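Peer 1: Got a predicted model here, sequence first, then my questions.
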Amino acid sequence: MQDLTTSTVKATVEDVLPGVGMVYLAGDDQRGWTITRSTSGGEFSALKPGQRIGLTIEHHARCDVVCKYAELPLSS
């Protein structure tokens with residue numbers, strides 16, 4: 001079994017879909033990311049388009065998953 005590794009990515013909120021509990025993000029790593037209402041992190045209802053957040057990514061054998069997020073300071 002392979003060891004689980006993690007990394008961090010800065011991302012910008014692109015779209016918030018509160019009715020379905022999803023947020024779409026554009027990562028600084030040129031990848032699209034999604035978080036859900038159940039993703040560990042800050043206040044889901046406070047996320048707004050254009051907001052910068054930091055993502056902690058878990059790297060699994062077949063996929064990469066956002067395991068938590070946090071709001072970034074305005075200068076990030």
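Peer 2: Arrived safely, thanks for sending.

Peer 1: from here on, contacts and neighbour counts on C-alpha atoms
Peer 2: Noted.

Peer 1: which sections of this structure are below the confidence cut-off?
Peer 2: 1-2, 75-76 (pLDDT under 70).

Peer 1: Tell me what the most centrally placed residue in the chain is bridged to.
Peer 2: The centre of the chain sits closest to residue 55, judged by C-alpha atoms, centre = their mean, with a distance of 4.4 Å. Beta-bridge pairing for residue 55 (DSSP bridges): residue 9, residue 69.

Peer 1: That one against residue 8, yeah?
Peer 2: Yes. Using C-alpha atoms under 8 Å, residue 55 is in contact with residue 8, at 5.5 Å.

Peer 1: any residues touching stretch 37-56, and which ones?
Peer 2: 6-16, 18, 21-22, 66-74, 76 (C-alpha atoms under 8 Å, 6 or more residues apart in numbering).

Peer 1: can you give me the offset of that stretch from its chain's centre?
Peer 2: Its chain's average C-alpha position is 7 Å from that of stretch 37-56, according to C-alpha atoms, centre = their mean, to the nearest Å.

Peer 1: buried residues in that stretch?
Peer 2: The neighbour-count check on stretch 37-56 (16 or more other C-alpha atoms under 10 Å) flags 41, 44, 47, 51, 52, 53, 54, 55, 56 as buried.

Peer 1: next one: stretch 7-19
Peer 2: Buried-residue list, stretch 7-19, by 16+ other C-alpha under 10 Å: 9, 10, 11, 12, 13, 14, 15, 16.

Peer 1: Could you list the alpha-carbon positions for that stretch in PDB?
Peer 2: The C-alpha coordinates for stretch 7-19 follow below in PDB (Å, rounded to 0.1, in the frame of the first residue of the first chain):
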ATOM      1  CA  SER A   7       0.200  19.200  -0.900                       C
ATOM      2  CA  THR A   8      -1.300  22.700  -0.800                       C
ATOM      3  CA  VAL A   9      -2.800  24.700  -3.600                       C
ATOM      4  CA  LYS A  10      -4.000  28.300  -3.700                       C
ATOM      5  CA  ALA A  11      -7.300  28.700  -5.500                       C
ATOM      6  CA  THR A  12      -9.900  31.300  -6.500                       C
ATOM      7  CA  VAL A  13     -13.600  30.700  -6.000                       C
ATOM      8  CA  GLU A  14     -15.300  30.700  -9.400                       C
ATOM      9  CA  ASP A  15     -18.900  29.700  -8.700                       C
ATOM     10  CA  VAL A  16     -20.900  28.900  -5.500                       C
ATOM     11  CA  LEU A  17     -23.900  26.600  -5.800                       C
ATOM     12  CA  PRO A  18     -25.400  26.700  -2.300                       C
ATOM     13  CA  GLY A  19     -28.500  24.800  -3.300                       C
END
